[in-house]
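Participant: Take a look and give me a structure for this.
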Amino acid sequence: MDTTGKPIAIHGGSVIQVGDEFFWYGENKERTTGQDEIWHWGVKCYSSRDLYHWEDRGLIIPPEPEDRASPLHPARMMDRPHIVFNARTGKYVCWIKVMGQSAQTRAVLVADSLLGPYQLLRADQLPLGMSAGDFDVVVDPATRKGYMVFERVHSDMIWAELTEDFTDFNGEFSTHFPRPGVPSVREAPAYFSRNGKHYLLTSGTTHYFPNPSEAAVADDFHGPWTELGDLHPTDTTRTSFNSQISAVFKHPGKRDLYIAIADRWLDLSGPEFESGALFAQVWRIFEKAFASPKQELNDEEQQLARRLFATMNTSVSGHVWLPLRFDGDRPFIEWRPEWSLDEFE
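Facilitator: From the prediction side, this is the model:
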């Protein structure tokens, strides 16, 4: 809840620190009930000085409901905004993903302040000519170089270098984590660094239904990346504790506290969910639906698919914040129904 008692309405979110304030921003889903064509209502932001109390700072990038061609029109499937600061230009750069019928594209905006106003520089861009799905934007603090890591839709993961102003691509990229397709292809990349190592957390591709997140580690952005397996090995539901990670935030005042920020898109419960049987059914549905040639779903699978995905009211979706635990260089996430920053040095 925010400081007024209202549910925090952002998703696909990240936290960025400016001065002594933390800003949690993401796609505004408070009007996305599944009853009309509204996919988002702009990019919203909350601020806090302690990570406990969040003040609603409003829309930092408003929707453009009068312009159906705009990437910010509510019916266009804009999500997962990522904002970074460019020390060379003094600008805040925001990249957004926009899903279309034939491809997933990018738009980029800039502002002098994190809270805006933002100016649209470019829309409907195919990064390096690729249909580009979920992504993260990374700045190397040592070199001030910018990168975007993104899912090449239903294929693999791309590490792409950005231009010096972070508003375009310089043409250099590498490919990683090739998969045969949905649902095993990786999406929702969330990057962090620790002790000189680069880490990437990703999920499988099962729409809003959660699945096992995986971790990978490398000595360089361009790899080679070593896959470390399931990030939540104690989770019997096989759903990353019913969540999908959108970002990892390193607490600046703690020695080794990394917080996974995740979306809880669906309200799931019951013995079938707890045992992991529901996950197995959903995974099989996606395997059959995206097989080549496509395989027909049986009656039970069709009923489950309709029940889960027919109408998605993401305005009531929640959030999961959990600390990472490390065994050497390997990260893990364990379930904590409640935890405190005071537990960490």
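Participant: Contact partners for the most centrally placed residue in the chain?
Facilitator: Closest residue to the average C-alpha location of the chain: residue 246 at 3.0 Å, with C-alpha atoms, centre = their mean. The neighbourhood of residue 246, defined by C-beta atoms under 8 Å, 6 or more residues apart in numbering, consists of 11-14, 26, 80, 188, 190, 261-263. Where C-beta positions appear, they are placed from N, C-alpha and C, glycine not excepted.
Participant: Could I get the phi/psi values of the most far-flung residue of the chain relative to its centre?
Facilitator: The outermost residue of the chain, judged against the average C-alpha position, is residue 299 (32.6 Å), by C-alpha atoms, centre = their mean. Dihedral pair for residue 299: phi -60, psi -40, per degrees, to the nearest 10.
Participant: Would you mind listing the buried residues in the helix or strand of the chain with the lowest mean pLDDT?
Facilitator: Least confident element among the helices and strands of the chain, by mean pLDDT, DSSP states H and E: helix 299-309 (a mean of 88). Across helix 299-309, burial judged by 16 or more other C-beta atoms under 10 Å covers 301, 304-305, 308.
Participant: about what we covered before: highest neighbour count among the contacts of residue 246?
Facilitator: Across the contacts of residue 246, neighbour numbers were computed from other C-beta atoms under 10 Å; residue 262 holds the maximum, 29 neighbours.
Participant: Can you give me the end-to-end span of stretch 111-129?
Facilitator: 26 Å (C-alpha to C-alpha, to the nearest Å).
Participant: Check the offset of it from the chain's centre.
Facilitator: Mean C-alpha position of stretch 111-129 versus that of the full chain (C-alpha atoms, centre = their mean, to the nearest Å) differs by 18 Å.
Participant: And stretch 12-26, by the same measure?
Facilitator: 14 Å.
Participant: returning to that earlier point: ok, the residue nearest to the centre of the chain to residue 12 distance?
Facilitator: 5 Å (C-beta to C-beta, to the nearest Å).
Participant: Pull up the overlap in contacts between these two.
Facilitator: Taking C-beta under 8 Å, 6+ apart as the contact rule, residue 246 and residue 12 both touch 26, 80, 263.
Participant: which ones are touching the closest residue to residue 120 other than its chain neighbours?
Facilitator: Closest residue in space to residue 120, ignoring its immediate chain neighbours: residue 109 at 5.2 Å, by C-beta to C-beta, 6 or more residues apart in numbering. Residue 109 sits next to 61, 93-94, 96, 118-121 when contact means C-beta under 8 Å, 6+ apart.
Participant: Filter the residues you listed down to just the buried residues.
Facilitator: 61, 93-94, 96, 118, 120.
Participant: Which single one of the residues you listed is nearest to residue 315?
Facilitator: residue 61 (18.4 Å; C-beta to C-beta).
Participant: That closest one touches residue 94, doesn't it?
Facilitator: Yes: using C-beta atoms under 8 Å, residue 61 is in contact with residue 94, at 6.7 Å.
Participant: who touches both of those two?
Facilitator: Common contacts of residue 61 and residue 94 (C-beta under 8 Å, 6+ apart): 43, 81, 109, 118.
Participant: Tell me which of those fall in strands.
Facilitator: Per DSSP state E, strands hold the following members of the shared contacts of residue 61 and residue 94: 43, 81, 109.
Participant: For the first one, grab the count of nearby residues.
Facilitator: Burial of residue 43, expressed as a neighbour count using other C-beta under 10 Å, amounts to 27.
Participant: Let me see the contact set for it.
Facilitator: Contacts here follow C-beta under 8 Å, 6+ apart; on that basis residue 43 touches 10, 25-28, 59-61, 81, 94, 96.
Participant: change it to 6 Å
Facilitator: Residue 43 is in contact with 60-61, 81, counting by C-beta atoms under 6 Å, 6 or more residues apart in numbering.
Participant: Tell me the confidence at the nearest residue to residue 292 once chain neighbours are set aside?
Facilitator: Here the nearest residue to residue 292 in space, its sequence neighbours aside, is residue 181; by C-beta to C-beta, 6+ apart that works out to 7.8 Å. Looking at residue 181, its pLDDT is 91.
Participant: mind checking which helix or strand residue 181 is in?
Facilitator: Using DSSP states H and E, residue 181 sits within no helix or strand.
Participant: can you list the buried residues of helix 299-309 in TSV and add distance to residue 221?
Facilitator: Shown next, in TSV, are these (distance: C-beta to C-beta, whole Å):
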residue	distance to residue 221
301	40
304	39
305	38
308	36
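Participant: of all these, which comes closest to residue 52?
Facilitator: residue 308 (33.2 Å).
Participant: For residue 259, give the beta-bridge partners.
Facilitator: Under DSSP bridges, the beta-bridge partners of residue 259 are residue 249, residue 323.
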